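Visitor: using only what follows, build the 3D model:
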Amino acid sequence: MKKQLRLTPLYLTLISIPFFINPTMAFAQSTNCDHAYNQGYNNGYYDGGYDGYDDGYDDGYDDGYDDAMDDCPCPLKNRLTLSGFYSGVSLGYDSYNAQRTPMLLDDNIGKFHTQANGWNGTLFGGYGTYFNNNYYLGGEVFIGTSGASGSDSTSLYNGKFSVGTSYGVSVLPGYKLNAGPLTYVRLGYIDSQLKVNDSYGMLRSSTSNWTSGFQAGIGVDMPLYKNFSSRLEYNYINYNSFSNNSTIGSNNSSSDSRGSLSLIYHFK
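Guide: Below is the predicted model:
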């Protein structure tokens with residue numbers, strides 16, 4: 001059961017891929033329309049150019065339009081370049097793996113591999129730009145919350161690991177495929193509110209610790225309609241360790257596997 005839960009973020013990411021197929025096909029169709037129009041215009045212009053500039057221009061326009069309509073019966077659309085300022089919202093799933101060592105008066109009383117799972121939501125905003133045609137670089141800030149939690153126990157000990165608010169900053173270098181989506185990687189810093197509860201018999205303690213970590217991920221960003229795009233992403237986050245220094249406490253270190261789907265609005 002734990003192994004299945006651990007694979008959930010990656011599984012959710014993979015099953016979302018088909019939703020990107022139709023936008024990709026539409027994007028490729030738009031590219032073919034542009035090519036047909038330009039090819040028809042050039043052929044008509046040069047063929048008609050022998051009869052004069054005006055005839056060449058008119059023939060080029062008509063041939064370009066006809067060729068474009070043959071290859072693409074719908075009107076040509078302006079394509080979103082995914083550059084400039086943007087903001088968005090994402091929904092995802094967290095799968096935390098917490099290595100926990102409970103302590104009673106500084107004596108080790110066990111070791112646990114706690115699995116903490118739950119949904120998360122994030123608000124984010126940033127700026128991105130293209131250079132050298134297909135290369136992309138963006139910067140982003142975000143804040144979110146998670147409902148991930150998990151517990152472990154023995155005959156006398158009971159423990160719980162849970163997650164609250166997170167915020168951070170990332171850089172997103174990427175490359176835009178021809179007639180396709182923007183593919184990118186995420187490298188960033190994240191600070192999350194990690195909580196533990198420890199109890200042994202009648203003794204109880206808890207702590208909430210803001211813990212920093214390094215975030216690395218990969219994703220695709222696909223134009224949807226007008227100023228909107230959709231993003232599919234997978235991240236791995238490695239956190240620093242922290243301790244609950246009470247009579248009954250614990251040493252804790254954790255990592256998170258996170259899959260998410262986002263809707264983004266690009267300001268133009």
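
Visitor: where does the stretch 51-200 of the chain have low pLDDT?
Guide: The stretch 51-200 of the chain contains residues with pLDDT under 70 at 51-81.

Visitor: what about the strands in it?
Guide: 84-104, 107-108, 112-131, 135-146, 149-153, 157-176, 182-200 (DSSP state E, counting those that start in this stretch).

Visitor: out of those, the one nearest Arg258 is which?
Guide: strand 84-104 (5.3 Å; C-beta to C-beta). In short, each C-beta sits where N, CA and C put it, glycine included.

Visitor: partners of the closest one, with directions?
Guide: Strand 84-104 has the following strand partners under DSSP bridges: strand 107-108 (antiparallel), strand 112-131 (antiparallel), strand 248-266 (antiparallel).

Visitor: buried set for that strand?
Guide: 86, 88, 90, 92-98, 100-104 (16 or more other C-beta atoms under 10 Å).

Visitor: try stretch 197-214
Guide: Applying 16+ other C-beta under 10 Å to stretch 197-214 flags 197-200, 205, 207, 209, 211, 213 as buried.

Visitor: again with stretch 253-267
Guide: Here stretch 253-267 shows 253-254, 256-262, 264, 266 as buried, counting by 16+ other C-beta under 10 Å.

Visitor: got a list of what Ser87 touches?
Guide: With contacts defined as C-beta atoms under 8 Å, 6 or more residues apart in numbering, Ser87 is in contact with 123-126, 264-265, 267.

Visitor: brain fart, Thr211
Guide: Counted by C-beta under 8 Å, 6+ apart, Thr211 has contacts 191-194, 239-240, 242, 254.

Visitor: and if you look at Asn197?
Guide: 158-160, 204-206 are the contacts of Asn197 under C-beta under 8 Å, 6+ apart.

Visitor: give me that answer again for 6 Å
Guide: 160, 206 (C-beta atoms under 6 Å, 6 or more residues apart in numbering).

Visitor: distance of it from Phe124?
Guide: To Phe124, Asn197 is 30 Å away according to C-beta to C-beta, to the nearest Å.
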